[in-house]
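Trainee: Model the following, please.
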Amino acid sequence: MDDPGLELKYAGGLPLQAETGAEGCVIEGYASLFGVADQGGDMIAAGAYAGSLARIAARGDRVRMLWQHDPAHPIGVWEEIREDSRGLWVRGRLLPEVARAREAAALVAAGAIDGLSIGYRTLRAERDGQGRRVLTEVDLWEVSLVTFPMLREAKLGQKSRADPAGVLRAAAEVLRAGR
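Mentor: Numbers count the residues shown, from 1 in each chain. A predicted model of the protein is given here:
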């Protein structure tokens, strides 16, 4: 994104779960974890997303689901985003009508993509006793599927009831059909 105030955090979720159905590939996991320093030294405080999520809901808007933070490549919809005691939890669908989403579903199913990342603007931050920036309020813009999460310890997993072979077969059929 070309907004100089927009920050992107490759903060993997714990765990990303995926299942495939007629409605698309459903994924869920943690896009952000509270109190865990990322590779840039930043931490997100519990409650940092609350105001943003409330404003988004009041507008009837959505946090966007993007591929690798590219605004030209929305790949699905986040149907539920919430803070819990652990972090920012997301659940959404990769849309089978979108070619890049079908590719993403195949990569998730194969374990090649295992990260989530947040795109946001910092509204309030403070320094902790170790000099790390602690984000206490952020304006959340998007959550992306990414190759490299900023939070190394937060790798994504896959739900055991997913059918990776089915996802790959469906993707292959679409490619053969020339769509």
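Trainee: Let me know the secondary structure of the closest residue to Val98 other than its chain neighbours.
Mentor: Spatially, and ignoring its direct neighbours in sequence, Val98 is nearest to Ile75 (5.7 Å; C-beta to C-beta, 6 or more residues apart in numbering). The C-beta positions use only the backbone N, C-alpha and C, and glycine is treated the same way. Counting by DSSP: H, G, I helix; E, B strand; the rest coil, the backbone at Ile75 sits in strand.
Trainee: what about Ile75, neighbour count?
Mentor: When counting by other C-beta atoms under 10 Å, one arrives at 26 neighbours for Ile75.
Trainee: residues contacting it?
Mentor: 65-67, 94-95, 98, 100-101, 104, 145 (C-beta atoms under 8 Å, 6 or more residues apart in numbering).
Trainee: Val98 now?
Mentor: Per C-beta under 8 Å, 6+ apart, neighbours of Val98: 74-76.
Trainee: re the thing from before, got a pLDDT number for the residue nearest to Val98?
Mentor: Ile75 carries a pLDDT score of 97 in this model.
Trainee: Next: Ala11.
Mentor: pLDDT, Ala11: 45.
Trainee: did I read that right, Ser52 in a helix?
Mentor: Yes: counting by three-state DSSP, Ser52 is located in a helix.
Trainee: Do I have it right that it meets Val138?
Mentor: Yes: counting by C-beta atoms under 8 Å, Val138 is a contact partner of Ser52 at 6.2 Å.
Trainee: For the chain, name the helix or strand with the lowest mean pLDDT.
Mentor: Every helix and strand in the chain was compared by mean pLDDT, DSSP states H and E; the lowest is helix 164-176, with a mean of 45.
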